[in-house]
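Enquirer: let's see this in three dimensions:
(one chain, ligands or ions: 1)
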Amino acid sequence: MSTTATSAEAARRELGTTFAGELIGPADGSYEEARALFNAMIDKRPAVIARCATPEDVALVIEFASTHDLPLAIRGGGHNGGGLGSVDDGVVADLSLLRSVSVDPETRTVRVGGGATWGEVDAATNPHGLAVPCGIISTTGVGGLTLGGGLGHLTRGYGLTIDNLIEAQVALADGQHVRASADENAELFWAIRGGGGNFGVVTEFTFRGQPVSDIVGGPTFWPIEQTEEVLSAYREFLPTLERNATGFFCWHRVPPAPPFPEEIHLRLVCGIVWCIVGTDEEAERAMAPMLAIGEPLMHGVGRMPLPALNSAFDGVYAPGDQWYWRADFVDEIPDEAIARNQDWNERMPTWKSGSHLYPIDGAAHDVRSDETPWAYRDARWGQVIVGVDADPANAPVLRDWTVGYWEALHPYSAGGAYVNMMMDEGQERVQASYRGNYERLAQAKRSYDPENLFRVNQNIQPAA
Ligand SMILES: Cc1cc2nc3c(=O)[nH]c(=O)nc-3n(C[C@H](O)[C@H](O)[C@H](O)COP(=O)(O)OP(=O)(O)OC[C@H]3O[C@@H](n4cnc5c(N)ncnc54)[C@H](O)[C@@H]3O)c2cc1C
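Expert: Numbers count the residues shown, from 1 in each chain. Prediction:
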């Protein structure tokens, strides 16, 4: 009998009566669906997928993996580019049953289960006129996105997702369940705000809700040939923009579906995706300087509830595509980098591929670089390059384009990358991303997870 089958049986035997959730092994009919990750390029076969129904279940799974010396992965939304929510021949603590969201409008606090998705948070908060800053695709998990930092449409106005985290309930490697906040287990609270799933399993997050309901948002696209004109204007324009407004820069092919006009379907474009919290007049004033640049092909901007913008691209990026990721932080965009960006995007291999420059100034700059592990507070953008396609046969092409593009632009970058937008790229890249905060993270790791049980992640190794 294979080790994998043995582990699944051992889990059923040892956890069977006390475990409230569901245990899924390779022999079960639901195994293929349960092991599938958002990124179909990653194909992992865990020995046991333990769908935890309670925080006690999480503690049982941690103990089981530790006792049997099995690798343990934590699965929130399963979106991680490198597939770090799963592991071959090990145990997956799958949090997808822990997805409740409750909102207290009086205190403006939002409690979220460790396996919820951002769409579920948006659906619960928007009726109260509140929002938690999150990412740009609503199917992404709250767990991984938050613990790695959290970049999105509200970053300039309200900071990273971690800047809105008030407390977390954490199951530690030794089975203890603790509260981490500014006044309780403060070092753990520091470490989880950017340090990923290195320190324990977060079974519940408590966030501060921000007063955002409707926004003015959507894309403006220019022909890719106008990249030089548009991006050189944008790099000067962004720092002058009020915090209530943002726009991330992108290169894409126009998706071949409504609401995009048919005559520009699949056209290579550069663009800005706007999100402005304010009146229509304020939004027009904010965007005006950029709309005067070049000749936009499309200006598809309008008023909508924030959740509509946060889910606008869910249809294009449904689960099951092949993804290859690379990222960098960017301080400045010199002319030569603009030319290289245009050149590589003109060679975009598939219509779902592209690159984004996410602004990380504004409120994200109010927090010092050592106040949380998220060390690149002084950078102005996080750039991500993604090769994406439905066809597995295109995987090598996606990888080659993404890596080639990244290598061409990396010399103009600030150094490390946002850990949530990397593949599994090794220790050097992890250390570069945490910069001067790595040593403190390694000390915290030694206190909370000295055996490195939580190592299926952008790993921080316990200090010697
Ligand atoms: C289509 C798409 C769009 C994206 N857009 C954005 C964006 O706009 N902004 C942004 O910041 N990021 C974005 N991301 C990146 C995203 O933040 C990461 O992929 C993140 O890892 C996803 O979290 P998850 O819970 O879905 O992932 P999973 O694969 O489930 O987990 C990822 C990692 O987080 C850990 N983890 C997850 N939940 C917990 C928990 N409760 N406790 C402890 N550890 C946990 C896991 O151990 C694993 O190492 C995007 C990703 C995709 C695929």
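Enquirer: up against the ligand, what does the stretch 301-450 of the chain have?
Expert: Y317, N420, M421 (C-beta under 6 Å from any ligand atom). Bear in mind the C-beta positions are built from the backbone N, C-alpha and C, glycine included.
Enquirer: by neighbours, which of those residues wins?
Expert: N420 (28 neighbours; other C-beta atoms under 10 Å).
Enquirer: neighbours of P261, how many?
Expert: 12.
Enquirer: again, but for G16
Expert: 9.
Enquirer: now do the contacts for it.
Expert: L23 (C-beta atoms under 8 Å, 6 or more residues apart in numbering).
Enquirer: ok, now A93?
Expert: Counted by C-beta under 8 Å, 6+ apart, A93 has contacts A50, C52, V58, V61, I62, A65, L72, A73, I74, R75, V201.
Enquirer: so of the residues you listed, which ones are in helices?
Expert: The helices, defined by DSSP state H, take in V58, V61, I62, A65 from those.
Enquirer: am I right that the third one is in contact with I74?
Expert: Meaning I62. No - between I62 and I74 there is no contact, the gap being 9.5 Å when judged by C-beta atoms under 8 Å.
Enquirer: of the two, give the one with the bigger neighbour count.
Expert: The neighbour count for I62 versus I74, taken as other C-beta under 10 Å, is higher for I74 (31 against 26).
Enquirer: partners of that one in the sheet?
Expert: A93 (DSSP bridges).
Enquirer: how about stretch 52-63: buried residues?
Expert: Residues of stretch 52-63 classed as buried by neighbour count (16 or more other C-beta atoms under 10 Å): C52, P55, E56, D57, V58, A59, L60, V61, I62.
Enquirer: closest one of the residues you listed to S311?
Expert: C52 (26.5 Å; C-beta to C-beta).
Enquirer: list the contacts of that closest one.
Expert: Here C52 is in contact with G21, V58, V61, A93, D94, L95, L97, L98 (C-beta under 8 Å, 6+ apart).
Enquirer: give me the pLDDT value at it.
Expert: Looking at C52, its pLDDT is 98.
Enquirer: one more: A318?
Expert: 96.
Enquirer: got phi/psi on the residue in the stretch 251-400 of the chain that the ligand sits nearest to?
Expert: Closest to the ligand within the stretch 251-400 of the chain is Y317: 4.6 Å, counting by C-beta to the nearest ligand atom. Torsion angles at Y317 (phi, psi; degrees, to the nearest 10) stand at phi -110, psi 70.
Enquirer: the stretch of helix or strand G217 belongs to near the ligand at all?
Expert: Assigned by DSSP states H and E, G217 falls within strand 214-223. No - using C-beta under 6 Å from any ligand atom, strand 214-223 stays clear of the ligand, coming no nearer than 13.7 Å.
Enquirer: please, where are all the helices along this structure?
Expert: Counting by DSSP H, the segments of the chain that form helices are 3-15, 31-35, 55-67, 118-125, 142-148, 155-158, 186-192, 227-237, 280-291, 306-310, 335-346, 395-409, 427-434, 438-448.
Enquirer: would you reformat the ones you listed as TSV and include mean pLDDT?
Expert: Shown next, in TSV, are those (pLDDT from 0 to 100):
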stretch	mean pLDDT
helix 3-15	79
helix 31-35	98
helix 55-67	97
helix 118-125	98
helix 142-148	98
helix 155-158	98
helix 186-192	98
helix 227-237	98
helix 280-291	98
helix 306-310	98
helix 335-346	98
helix 395-409	98
helix 427-434	95
helix 438-448	98
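Enquirer: and among those helices, the most buried is which?
Expert: helix 142-148 (a mean of 29; mean count of other C-beta atoms under 10 Å).
Enquirer: name the residues of the stretch 151-300 of the chain found near the ligand, please.
Expert: Selection of the stretch 151-300 of the chain residues close to the ligand by C-beta under 6 Å from any ligand atom yields L151, G152, G196, G197, V201, V202.
Enquirer: tell me which of these is nearest to the ligand?
Expert: For these, the nearest to the ligand is G197 (2.6 Å; C-beta to the nearest ligand atom).
Enquirer: any stretches of the stretch 201-350 of the chain with poor pLDDT?
Expert: The model of the stretch 201-350 of the chain has no residue with pLDDT under 70.
Enquirer: what number of residues lie near the nearest residue to E229 once chain neighbours are set aside?
Expert: Nearest residue to E229, sequence neighbours excluded (C-beta to C-beta, 6 or more residues apart in numbering): G294, at 5.0 Å. Counted with other C-beta under 10 Å, the neighbours of G294 add up to 18.
Enquirer: just send the helices of the chain back as a markdown table, with distance to H299 too.
Expert: Formatted as a markdown table, these follow (distance: least, C-beta to C-beta, whole Å):
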| stretch | distance to H299 |
| --- | --- |
| helix 3-15 | 54 |
| helix 31-35 | 41 |
| helix 55-67 | 47 |
| helix 118-125 | 25 |
| helix 142-148 | 29 |
| helix 155-158 | 21 |
| helix 186-192 | 40 |
| helix 227-237 | 13 |
| helix 280-291 | 7 |
| helix 306-310 | 15 |
| helix 335-346 | 20 |
| helix 395-409 | 27 |
| helix 427-434 | 36 |
| helix 438-448 | 43 |
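Enquirer: which one, of these, ends up nearest to G217?
Expert: Closest among the helices of the chain, using C-beta to C-beta: helix 306-310, at 4.2 Å.
Enquirer: show me the shaky parts of the stretch 351-464 of the chain.
Expert: Checking the stretch 351-464 of the chain against pLDDT under 70 turns up nothing.
Enquirer: can you map out the strands along it?
Expert: 354-359, 381-389 (DSSP state E, counting those that start in this stretch).
Enquirer: which of those is buried the deepest?
Expert: Highest mean neighbour count among the strands of the stretch 351-464 of the chain (mean count of other C-beta under 10 Å): strand 381-389, a mean of 25.
Enquirer: and that one, which strands flank it?
Expert: Counting by DSSP bridges, strand 381-389 is paired with strand 322-330 (antiparallel), strand 354-359 (antiparallel).
Enquirer: just the C-alpha atoms of it, please, in CSV.
Expert: Extracted C-alpha coordinates of strand 381-389, given in CSV (Å, rounded to 0.1, in the frame of the first residue of the first chain):
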residue,chain,number,x,y,z
TRP,A,381,4.4,50.1,-7.5
GLY,A,382,4.2,46.4,-7.3
GLN,A,383,4.6,45.0,-10.8
VAL,A,384,3.3,41.6,-11.7
ILE,A,385,3.7,39.7,-14.9
VAL,A,386,1.4,36.8,-15.6
GLY,A,387,1.4,34.3,-18.4
VAL,A,388,-2.1,32.8,-18.5
ASP,A,389,-4.0,30.4,-20.8
